[in-house]
Structure formats: structure tokens, C-alpha cells
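Chemist: Build me a model from this:
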Amino acid sequence: MASARRPSSPRLPRGRHALDADAAAPRYRALLHTAAVELVGEHGYNATTVDALAAAAGVSTATLYELFSGKQELVLDAGDAIAQEIGGAARARQLPEGDLRRALAGVLSAVVDAVLQAPDAARLAIVDLVTVGPPGVERRRQLAAELEESLRRAATPDGRTVVSDPALSVLAGGTMAVLDRHLRSGKLRPLRAAALDLAGWGALYETDAPRRAPAPSHPSAGGASAPSPFLLPLPRGRHGLPPAFVRRHQRMRILEAVLAVSAQHGFEATSVRDLIAAAGMSHQTFYQHFESKEDAWSAAFDQAFVELFAAAWYAAAPQHGAEAKVTAAVSACLNHLAAEPQRARLLLIDAPSAGRAASGAIDDAMEAFTRLVTRAAREHSKQSAIVPFALVGGIVSLIAGWVIDDRAAELPDLTPALVEIVFVPLFGSAAARAAAAGLGAPDPESTADERRVLMNAFAKAVVQDGFATTRLSDVAQSAQIGLDVASVLFADELDCATQILDAWAGQLVVIAAGAFLAAANDPPLAAHRALEAAIAHLARTPTVSSMVVTDDPALVPAIAALRDRYISLFFQLIAGQVAAIEQRAPQPLAALGVVLDGIIAVLRRFARQDRIAELPAELGALSLQTLTPFFGADEARRVAGVAAASGRPRR
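Modeler: Below is the predicted model:
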């Protein structure tokens with residue numbers, strides 16, 4: 001395998017002692033491979049030039065172009081050679097018979113040995129190759145598929161495979177995620193122990209009835225999301241729209257353009273000019289919101305991640321018991337990604353290909369979901385600390401493969417398999433089989449749409465006419481929903497109002513908690529991001545936000561109960577970060593209650609003036625008020641400075 005060190009041997013002889021072209025080509029190719037490993041590893045693919053590669057290899061650019069069409073082909077060829085050695089090591093390893101764990105350990109240890117033999121070269125194939133773009137993403141996928149085949153060989157004693165196809169895919173993808181993390185951090189010594197832990201995890205999936213991978217059910221099932229209304233430009237000239245609304249609309253148009261253009265061309269091929277054209281705005285307007293393509297992409301990633309995380313937590317929060325929460329969260333994630341294929345592509349495919357521009361955001365997102373699995377594992381099993389991360393990484397890899405294959409719309413078909421995969425290490429095989437067996441097809445007669453329509457209409461009526469004069473039957477009739485359906489959905493007006501507020505508060509809390517966890521390495525900044533996300537939610541939902549600050553005596557007790565419940569839920573969601581907060585606020589729940597009351601007071605003032613959409617303009621003042629009791633005035637001012645330095649509000 002190629003070393004990352006610059007070749008110490010002298011250049012190839014020239015003149016009459018020079019080798020003929022056929023004899024020299026393999027030597028030149030090897031030198032260029034070594035140069036690619038060194039320069040891409042040190043500077044990144046985008047910053048590496050053909051001239052630099054040729055100079056590092058000690059050859060002319062003309063020689064480089066005789067062997068390769070350009071930088072991309074050279075880096076891909078180097079990655080292919082390295083991947084062949086890693087895959088060959090796994091294939092060549094003699095495996096013990098009669099013990100699945102030892103057989104899996106043989107494959108994984110062979111891979112780790114190959115990585116440790118030349119870690120800089122392995123980094124090119126496993127970490128950096130995806131930054132080449134779609135061809136690099138496909139190369140890494142091929143390496144994962146080759147590893148999966150070697151694992152399948154280990155899991156097939158006597159010609160009978162004893163591990164399901166999805167579990168093998170997740171084990172291979174999880175192993176790649178672990179290798180990726182250790183190669184990027186440079187912490188390689190734990191890898192040999194990690195191989196044994198991963199083998200022990202994989203052996204848990206041994207079964208007499210392995211599940212096959214779901215077959216494609218909808219040819220060309222993938223597709224674009226429905227066109228976003230934010231991609232429609234605002235009226236020109238005088239339109240009388242509030243400035244805060246205009247700024248938010250412009251920002252959303254840019255973020256939607258990132259999704260649309262990135263899904264079509266990928267991160268590397270997308271330019272600021274492409275984003276401006278898709279958003280229908282000037283360069284000046286774009287740069288009022290974002291400093292660069294990377295800045296806009298990062299904001300789009302943050303928003304897509306928070307929405308996915310919120311979908312998982314909102315589905316899991318009302319469930320009772322860890323098993324029910326895990327099932328609901330897995331199902332919600334798959335349904336959300338199926339409904340948002342552009343966001344799925346951004347999170348799962350374009351993000352890794354963005355390289356160092358996205359590595360921090362990806363790490364934060366992975367850590368947020370890993371923390372959820374770690375908590376469940378801590379409570380219900382004794383798995384190695386590496387397993388939750390590998391489990392999340394393997395699931396991400398499996399889902400990304402489906403998105404690449406235009407099967408995003410079919411992702412819900414994976415629900416039983418993924419529930420089983422998550423359950424096995426957490427709750428055991430019996431619980432996993434029972435949970436997977438209990439998942440049926442969605443009920444086509446579901447009344448979810450009617451419930452949503454009726455709740456929206458009822459909220460508008462309450463804000464307009466007051467709760468005391470609003471009748472559920474009248475609202476149902478005006479919304480063209482049968483009274484029999486309305487009576488099944490809600491017991492009475494108070495039940496409808498309570499469910500509206502409960503759903504709204506649940507969304508608020510999980511969105512805020514998701515934003516917090518995405519920046520959890522810096523708790524003061526994470527708290528600012530959580531407040532930022534919460535205020536954006538208030539601004540997006542002015543009708544229900546107005547209900548929250550009502551003085552109606554029938555609703556006040558329900559609102560007070562929800563306040564206490566969701567303050568507690570927020571702290572449950574950010575468990576593990578509370579210790580840092582308690583240094584400044586010994587009673588964090590009480591302190592958060594005081595802060596929340598302050599936010600509600602501001603919300604009440606804006607609601608009375610019909611200006612809730614302008615709430616994000618108050619972020620700076622609210623952030624100082626919120627952070628000071630938790631972290632102190634100095635940290636609050638530091639975070640304010642970080643936010644001001646960005647030149648824009650994050651929402």
C-alpha cells in the first residue's frame with residue numbers, strides 16, 4: 001500500500017539511462033499515487049493541484065497527463081489501488097469455523113491490520129476519496145460493499161448465512177464509520193480492540209431465519225420534493241411586507257436553492273452563481289445573508305438535521321417505554337427522509353462529499369444521534385462504547401445507499417429491519433423479533449390529515465374569536481370535516497385546544513433540543529442556538545403562539561401544565577450537558593422557568609401588536625437575558641460576539 005511520505009528514493013534516471021515508457025509507467029504511477037496520498041491528506045482534494053502533484057512525485061505535468069486525464073482520475077486510481085489492498089487483506093484472511101464472533105473478528109482484524117500498516121494511504125480511500133464527488137462516493141460505497149461480502153463469508157458456515165442482509169450492511173457501514181473517525185482524529189491505537197468489539201456486536205445478530213434486504217418496490221421511486229413556495233420571488237417594488245418577513249423569506253429561498261441545486265449537481269459542482277440563479281436574487285442579497293457557498297450549505301445542513309432530529313424526538317416523546325420510543329423514532333426518521341428526498345441527499349450524500357467544510361457539522365449530527373443510542377444502551381445493555389456510534393454510522397450508510405439508488409420513497413420499507421437491528425444490542429433478540437413483527441403497513445384510512453386540518457382551523461378560530469365562543473362542530477363544518485370524524489379525534493373543545501398546544505410545545509422543545517445538541521461541545525453557544533431555533537419556531541407558527549399567551553381562564557391551567565412538562569422534557573433531551581449548566585444555575589429547571597417566562601412576556605407583547613413574525617429581531621437581547629443566569633455575563637457576551645461576527649441571524 002502506498003505510503004504518505006514523500007518518496008525518498010532518487011528520481012527515475014533520465015537521458016540515455018532512462019527507462020523505456022512501458023517500464024517507467026508503473027514507477028511514475030506509484031510515485032503519483034504517493035503524492036496524492038500526501039497532498040490530499042495534508043491539504044484536501046479541492047486545494048490540491050495538478051502542478052503540486054507532479055512536483056511532489058518528481059515528474060512533469062506532461063508525464064502526469066500521459067498517465068491520467070487529470071487530478072480526479074489520479075486520485076481515484078490511487079484510492080482504487082489502496083482499496084484493493086484493504087479488501088484483499090480481508091479476503092485472504094483464514095477464518096475459524098464454528099464461532100461467528102471469531103470469524104467476524106478475523107475479517108475485521110485483517111482490515112484494521114491493513115489500515116494500521118499504512119494509515120495515511122487508508123485515509124485517502126476511506127476518508128478523503130468522497131470529496132472527489134459522486135465517483136469518490138461510489139468508490140467508498142464499493143469498498144463498504146466488498147467488506148460486507150467478506151463479513152457475509154464469515155457469517156456463512158456450511159453454506160448457510162446466519163446474519164440478515166441489512167445487519168451485514170449496517171455492520172460493514174458501521175465499521176467504515178469507525179475507521180473514518182479514527183483516521184481523521186489520528187487516534188489509531190484503539191482500532192484493534194474496536195475490531196473485536198465490532199465483531200462481538202455483529203455476532204449478536206446470529207439467527208436461524210435471517211432477513212433478506214427489501215426488494216425494490218417502486219421503479220425509479222426517488223424524486224424531487226414538492227417545489228418550495230420560498231423559491232417564488234417576492235413582489236417587486238413597494239409591497240408593504242414587514243422587513244423581518246422579507247429577510248426571512250430571502251434566507252429561506254437561499255436554503256431551498258441549496259437543496260435543489262445540491263441535489264442536482266452535488267456540493268463540489270455547485271457555485272454561488274448557481275444558488276443565486278435558483279433563488280432568483282442578486283449577489284448583494286445573497287451576501288447579506290451568507291459569506292460563501294460553504295456558509296449557506298452549512299445553514300441548510302443545520303436546518304435539515306434539526307428537522308430530522310425533531311421528527312425523531314417528537315415521535316418518541318409521547319411513547320411509554322424505551323422500546324416504544326426507539327420504534328417510533330426509527331419509523332419517524334425513515335418517513336421524514338422519504339418525504340424529503342432533497343434533504344435526505346443533503347444530509348447523507350452531499351455532506352460527506354463536502355469534506356472538511358462539512359466534517360464538523362457531520363460529527364455534531366452523528367454525536368447527537370449516538371448520544372440517544374448511548375443512553376438507551378447504558379440503561380438496557382452492556383455494549384462496548386464503540387457500538388452506539390457504529391450502529392448510527394451503519395444505519396446512515398445503509399439509508400444513504402438507498403438514496404443513491406433512487407429508493408428514498410421506499411425508505412419506510414426498511415422500518416422492520418432497522419428496528420430489529422437497533423433492538424438486538426439494546427433489548428435482546430426476542431424483543432427485536434417481537435417489535436419487528438408488530439410493525440404492519442400504514443393504515444390507508446388514517447385520519448391524520450383530518451386531524452391536522454381541524455387543529456389548524458380550530459387554532460385560527462380561537463385566536464380570532466376567543467376560546468369561549470369557538471365551537472368544534474362549527475369549525476369542523478367550515479373545514480368540511482364530518483362531525484363523526486371530529487368526535488373521534490377530539491372529545492370536546494378543550495381537548496382539541498390542549499392537543500394543539502401539546503403538539504406545538506412538543507415541536508418547540510425537540511427543535512430547540514436538536515439545535516442544542518448540534519452544538520453541544522460549546523454549551524453556551526448551544527443554548528444560544530436552542531433559543532434561536534425556539535424563536536424561529538414561534539415566528540413560523542404565529543397562530544398557535546398567540547394561543548400560548550391567551551388569558552382565557554379555561555386554557556391557562558392547560559398551558560401551565562404543558563410549561564412544566566416540557567421544561568422537564570427539554571432537560572431530559574439534553575441529558576449529559578446539564579452538569580455544565582448547573583455550575584451557574586444550581587436549580588436549572590427553576591432557572592429555565594424564569595427565562596421561559598421572560599420569553600413569554602416578549603411573545604405576549606409581540607402578539608398584541610400582531611408582530612410575532614418579527615420576533616427573531618429580538619434574538620440578541622433575549623440571548624443575553626437567557627445565557628447570563630446559566631453561564632454568566634462574560635460567556636453571554638462572548639456568544640453574542642460570535643453571533644454578531646457571523647453578520648447574520650441563524651434560524
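
Chemist: Could you use CA atoms for every contact and neighbour count after this?
Modeler: Noted.

Chemist: quick one: pLDDT of residue 157?
Modeler: On pLDDT, residue 157 comes in at 86.

Chemist: so who does it touch?
Modeler: Neighbouring residues of residue 157 by C-alpha atoms under 8 Å, 6 or more residues apart in numbering: 97-98.

Chemist: And residue 49, by the same measure?
Modeler: Counted by C-alpha under 8 Å, 6+ apart, residue 49 has contacts residue 71.

Chemist: now residue 103: how far from residue 543?
Modeler: 59 Å (C-alpha to C-alpha, to the nearest Å).

Chemist: Which one of these two is surrounded by more residues?
Modeler: residue 103 (24 against 19; other C-alpha atoms under 10 Å).

Chemist: Buried residues, stretch 461-481. List them.
Modeler: Neighbour-count burial for stretch 461-481 flags 461-463, 467, 470, 472-473, 475-476, 481 (criterion: 16 or more other C-alpha atoms under 10 Å).

Chemist: could I get it in PDB with only the CA atoms?
Modeler: Extracted C-alpha coordinates of stretch 461-481, given in PDB (Å, rounded to 0.1, in the frame of the first residue of the first chain):
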ATOM      1  CA  ALA A 461     -60.900  30.400  15.200                       C
ATOM      2  CA  VAL A 462     -59.700  30.600  18.800                       C
ATOM      3  CA  VAL A 463     -57.300  33.400  18.000                       C
ATOM      4  CA  GLN A 464     -59.900  35.300  16.000                       C
ATOM      5  CA  ASP A 465     -63.000  34.800  18.100                       C
ATOM      6  CA  GLY A 466     -61.800  33.600  21.500                       C
ATOM      7  CA  PHE A 467     -61.900  30.200  23.000                       C
ATOM      8  CA  ALA A 468     -65.200  30.700  24.900                       C
ATOM      9  CA  THR A 469     -67.200  31.400  21.600                       C
ATOM     10  CA  THR A 470     -65.500  28.800  19.400                       C
ATOM     11  CA  ARG A 471     -67.400  25.600  18.800                       C
ATOM     12  CA  LEU A 472     -65.700  22.500  17.500                       C
ATOM     13  CA  SER A 473     -68.700  21.500  15.400                       C
ATOM     14  CA  ASP A 474     -68.800  24.800  13.600                       C
ATOM     15  CA  VAL A 475     -65.100  24.700  12.900                       C
ATOM     16  CA  ALA A 476     -65.400  21.100  11.600                       C
ATOM     17  CA  GLN A 477     -68.300  22.100   9.300                       C
ATOM     18  CA  SER A 478     -66.400  25.000   7.900                       C
ATOM     19  CA  ALA A 479     -63.400  22.800   7.300                       C
ATOM     20  CA  GLN A 480     -65.600  20.200   5.500                       C
ATOM     21  CA  ILE A 481     -64.800  17.500   8.100                       C
END
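
Chemist: Other residues contacting it?
Modeler: 450, 453-454, 457-458, 482-483, 486, 492-493, 543, 546-547, 552.

Chemist: same question, stretch 432-439
Modeler: Residues outside stretch 432-439 that contact it (C-alpha under 8 Å, 6+ apart): 323, 327, 415-417, 419-424.

Chemist: Check stretch 536-547 too.
Modeler: So stretch 536-547 is in contact with 459-460, 462-463, 500-501, 504, 508, 603-604, 607, 612-616, 651, going by C-alpha under 8 Å, 6+ apart.

Chemist: What about residue 331, how many residues nearby?
Modeler: Residue 331, neighbours per other C-alpha under 10 Å, totals 24.

Chemist: How far away from the center of its chain is the helix or strand it falls within?
Modeler: Using DSSP states H and E, residue 331 maps to helix 322-339. For helix 322-339, the separation from the chain centroid amounts to 14 Å (computed by C-alpha atoms, centre = their mean, to the nearest Å).

Chemist: Kindly report the same for stretch 386-396.
Modeler: Mean-position distance between stretch 386-396 and its chain equals 13 Å (C-alpha atoms, centre = their mean).

Chemist: Can I get that stretch in CSV, CA atoms only?
Modeler: Extracted in CSV, the C-alpha atoms of stretch 386-396 (Å, rounded to 0.1, in the frame of the first residue of the first chain):
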residue,chain,number,x,y,z
ILE,A,386,-18.0,1.9,20.3
VAL,A,387,-21.3,0.1,19.4
PRO,A,388,-23.7,3.1,19.6
PHE,A,389,-21.5,5.1,17.2
ALA,A,390,-21.0,2.2,14.8
LEU,A,391,-24.8,1.4,14.9
VAL,A,392,-25.6,5.0,13.9
GLY,A,393,-22.9,5.1,11.3
GLY,A,394,-24.0,1.8,9.8
ILE,A,395,-27.6,2.8,9.6
VAL,A,396,-26.6,6.1,8.0
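
Chemist: contacts for it?
Modeler: When contacts are defined by C-alpha under 8 Å, 6+ apart, stretch 386-396 is touched by residues 169-178, 194, 197-198, 201, 348, 366-367, 369-371, 373-374, 377, 418, 422.

Chemist: For those residues, which ChimeraX command selects only the ones that are buried?
Modeler: Command for ChimeraX that selects the buried part of the contacts of stretch 386-396, burial taken from 16+ other C-alpha under 10 Å:
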select :169,170,171,172,173,174,175,176,177,178,194,197,198,201,348,366,367,369,370,371,373,374,377,418,422
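
Chemist: The contacts of stretch 386-396 in helices, which ones?
Modeler: Among the contacts of stretch 386-396, the ones falling in helices (DSSP state H) are 169-178, 194, 197-198, 201, 366-367, 369-371, 373-374, 377, 418, 422.

Chemist: quick one: buried residues of stretch 152-172?
Modeler: 152-155, 157, 161-172.

Chemist: Of those, which belong to helices?
Modeler: Taking DSSP H as the definition of helices, the buried residues of stretch 152-172 contribute 152-154, 165-172.

Chemist: ok so, going back, drop anything exposed from the contacts of stretch 461-481.
Modeler: Here, 16+ other C-alpha under 10 Å leaves 450, 454, 457-458, 486, 493, 543, 546-547 buried among the contacts of stretch 461-481.

Chemist: Lowest average confidence across helices and strands of the protein, where is it?
Modeler: The weakest-scoring helix or strand in the chain, judged by mean pLDDT, DSSP states H and E, is helix 578-582 (a mean of 44).

Chemist: Tell me the first helix or strand C-terminal of it.
Modeler: Counting by DSSP H and E, what follows helix 578-582 is helix 588-608.

Chemist: Show me what the helix or strand following that following helix is packed up against.
Modeler: As assigned by DSSP H and E, the chain's next helix or strand after helix 588-608 is helix 619-631. Where contact means 3 or more C-alpha pairs under 8 Å, 6 or more residues apart in numbering; DSSP states H and E, helix 619-631 is packed against helix 523-540, helix 578-582, helix 588-608, helix 633-645.

Chemist: Between helix 588-608 and helix 619-631, find me the angle.
Modeler: 170 degrees (axes from the mean of the first three to the mean of the last three C-alpha atoms, to 10 degrees).
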